[in-house]
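Trainee: pasting the structure only:
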Ligand code: FAD
Ligand code: NAP
């Protein structure tokens, strides 16, 4: 316990996309690493979310690692938006190819991480009772890994089967001949509903808030398409890294309000074909100007009304409470068509809220629905949940929970004042979930390894953000968000999905490429805003140029 020599240079918590690349790049930079993962294997999101219909909403050729040209040439995606089993197989392949598993201890939860100021070490305790010490502690614990099972009265009385989409049983669920209720119509609900409907005897969709969803336009890749993609991969990645969201597309150069009706429709048609979440990026002002946003909303509504046969039903499926894109647009496969089935019932919880769960099903204020299975597609305590489930203590024993009591406070989404040598990957204050998270993870970890290399070359022991830098970054994130329509939605970006959680827009909204430039500028200026070995050092750019 009193050792001053760390067991390893760095601890990495989590073996998802971010944790895997963290281990790889830290080891490549000569550091010793110990990874911990509470699951029994690698994959993170793609290990846990095995519900029917689970797939990515960013094209797989973009939602994949870019750090190894050999890797991107040898892996072949079968379709535009790969399913969870294929993405998990990819991450397992990456782990094997780069021999990453040996650095992880699986089925092991990190319970606490406490900074020892005297030794300048992190002491990390796991649920097997062991302790490891490390100079650096990296939390790759995921933005969307802490599941939210709402405390609906009577929840535990239900005598049937109950599942959360984010903790899906590995053996799958047999819905045949059963009456199934899905609670929640976010991405997880909307992806799973069409497939559950195909199997179940009857499906009841419990919708509290309607969401915007757009067909994926998914298709299998043929050999020739894949050949072309691979031949041009470097350019595709270059464009993705210069974009606002980490996919190789740029919005129309003009405002949605500057172009005439036919041009607007042409542009929306084009982005509709791209499928799903990207639709919010067709025009540059779609998410900043309500009138511009409304042109997209009207286009969307027309499309959906063409799919659902019952006009009264479609009225309930059209959101009325938030501008399109201010919650992540869902990328679906046959969602709206599902409501044309006789064996699917939409239960509008705005009209008849859930009163309680009983041993036999769900009781709304109107009707009791007898069910054999309840699926909670109720989302996550996003961005801060996984961190707050760990007892993280910095200088003077101050906890991260106290530090963030009014909402997360980071510098660049990477570091926290009072928590030296701690790095968060794709945390609050970074573009994280607004971007392609694979490239966002690479962006962060490349920065972190560059930083650690720099510290070692300069003989610096500790780095942490200065308090002014944190204040300024939090203010900048808030100011940028306030100029957009995002704060008007009750989204998980705002913490609004978790009762009692502070309402703060958590991600950095300025865009993936803009953020990357800020990161580079900070590093080039000798880690401007950070405190190195207890002093805010002024370092000339030439000192860092060699790193
Ligand atoms: P995760 O994959 O969440 O991994 C974190 C890991 O840390 C988990 O395995 C968890 O078990 C582990 N962990 C947490 N706390 C502890 C602890 N205390 N001790 C030990 N281990 C711990 N993003 C996109 O950009 N595009 C998409 O198409 C996309 N699709 C998604 C689909 C679903 C169903 C979900 C839920 C999210 C999706 N996301 C998508 C977001 C997705 O979370 C990220 O893309 C990415 O997978 C996150 O990787 P990560 O390594 O940061 O975190
Ligand atoms: P989510 O977007 O937070 O949706 C949760 C749903 O559950 C909402 O419809 C919510 O309704 C409902 N809900 C929560 N508590 C409820 C309660 N007590 N009673 C009734 N309804 C309740 O969660 P998610 O669908 O898991 O998606 C989260 C994020 O994960 C997505 O935004 C996306 O970033 C990622 N994801 C991506 C994909 C993909 O396509 N690749 C798939 C799944 C997830 P309210 O809106 O009224 O709160």
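Mentor: Arrived safely, thanks for sending. Quick caveat: nothing in here was measured; it's all calculated off a predicted structure. Ligands and ions are numbered 1, 2, ... in the order given.

Trainee: Which single residue in this structure comes nearest to ligand 2?
Mentor: With C-beta to the nearest ligand atom, the shortest gap between the chain and ligand 2 falls at residue 186, namely 2.2 Å. Glycine gets a C-beta too; all of them are placed from N, C-alpha and C.

Trainee: So the residue nearest to that residue when sequence neighbours are not counted versus residue 238, what's the distance?
Mentor: Of all residues not flanking residue 186 in the chain, residue 379 sits nearest, at 5.5 Å (C-beta to C-beta, 6 or more residues apart in numbering). Counting by C-beta to C-beta, to the nearest Å, the separation of residue 379 from residue 238 is 34 Å.

Trainee: And the helices in the stretch 101-250 of the chain?
Mentor: When secondary structure is read from DSSP state H, counting those that start in this stretch, the stretch 101-250 of the chain shows helices at 187-199, 223-231, 233-241.

Trainee: ugh, wrong one, I meant the stretch 351-500 of the chain
Mentor: Assigned helices in the stretch 351-500 of the chain, in chain order: 385-388, 400-403, 437-458, 467-482 (criterion: DSSP H, counting those that start in this stretch).

Trainee: Out of those, which gets nearest to residue 527?
Mentor: For residue 527, the closest of those is helix 437-458, at 6.6 Å, according to C-beta to C-beta.

Trainee: Tally up the residues packed near residue 75, please.
Mentor: Other residues lying near residue 75 total 18 when counted by other C-beta atoms under 10 Å.

Trainee: dump the residue contacts of it.
Mentor: For residue 75, the contacting residues are 64, 90, 93, taking C-beta atoms under 8 Å, 6 or more residues apart in numbering as the criterion.

Trainee: now swap in residue 17 and tell me
Mentor: Neighbour list for residue 17: 44, 45, 65, 91, 437, 438, 441 [criterion: C-beta under 8 Å, 6+ apart].

Trainee: Is it possible to mark the buried ones in the contacts of residue 75?
Mentor: Using 16 or more other C-beta atoms under 10 Å as the burial test, these include 64, 90 as buried.

Trainee: Of the contacts of residue 75, just say which sits nearest to residue 167.
Mentor: Checking these against residue 167 by C-beta to C-beta gives residue 90 as the nearest, at 21.3 Å.

Trainee: Quickly note the distance from the residue nearest to residue 186 to residue 344.
Mentor: From residue 379 over to residue 344 (counting by C-beta to C-beta), the distance is 21 Å.

Trainee: Neighbour count: the two, which is higher?
Mentor: It is residue 379, of residue 379 and residue 344, that has more neighbours when counted by other C-beta under 10 Å, with 23 against 19.

Trainee: For the stretch 351-500 of the chain, which residues are neighbours of ligand 1?
Mentor: 386, 390, 425, 426, 436, 437, 441 (C-beta under 6 Å from any ligand atom).

Trainee: between these, which has the most around it?
Mentor: For these, the largest neighbour count, defined by other C-beta under 10 Å, is 31 neighbours, found at residue 425.

Trainee: Do I have it right that that residue meets residue 442?
Mentor: No. If you go by C-beta atoms under 8 Å, residue 425 and residue 442 don't touch, sitting 10.0 Å apart.

Trainee: joint contacts of those two?
Mentor: With C-beta under 8 Å, 6+ apart as the test, residue 425 and residue 442 reach no residue in common.

Trainee: Hmm, residue 65 and residue 438 touching each other?
Mentor: Yes. Using C-beta under 8 Å, residue 438 is in contact with residue 65, at 6.1 Å.

Trainee: Neighbour count: the two, which is higher?
Mentor: residue 438 (25 against 20).

Trainee: Domain-wise, how is this protein divided?
Mentor: The record assigns the chain these domain ranges, following automatic domain parsing: 7-146+382-546, 148-212+325-379.

Trainee: returning to what we had before: most widely separated two among the contacts of residue 17?
Mentor: Greatest spatial distance among the contacts of residue 17 (C-beta to C-beta): 45 and 65, at 14.7 Å.

Trainee: near ligand 2, which residues of the stretch 351-500 of the chain?
Mentor: 354, 377, 378, 379, 380, 433, 492, 497.

Trainee: Let's see that with 5 Å instead.
Mentor: Contact residues, the stretch 351-500 of the chain versus ligand 2 (C-beta under 5 Å from any ligand atom): 378, 379, 492, 497.

Trainee: pLDDT score assigned to the residue nearest the centre of the chain?
Mentor: Averaging the C-alpha coordinates of the chain gives a centre point, and the residue nearest to it by C-alpha atoms, centre = their mean is residue 433 (4.1 Å). pLDDT, the model's per-residue confidence, is 93 for residue 433.

Trainee: got the contact list for it?
Mentor: Residue 433 makes contacts with 143, 144, 328, 382, 383, 426, 493, 507, as judged by C-beta under 8 Å, 6+ apart.

Trainee: If you rank those by neighbours, which is first?
Mentor: Counting neighbours by other C-beta under 10 Å, residue 383 comes out on top of the contacts of residue 433 with 29 neighbours.

Trainee: Need the contacts of residue 75 in a markdown table (columns: secondary structure).
Mentor: Rendered in a markdown table, the data for these read as follows (DSSP: H, G, I helix; E, B strand; the rest coil):
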| residue | secondary structure |
| --- | --- |
| 64 | coil |
| 90 | helix |
| 93 | helix |
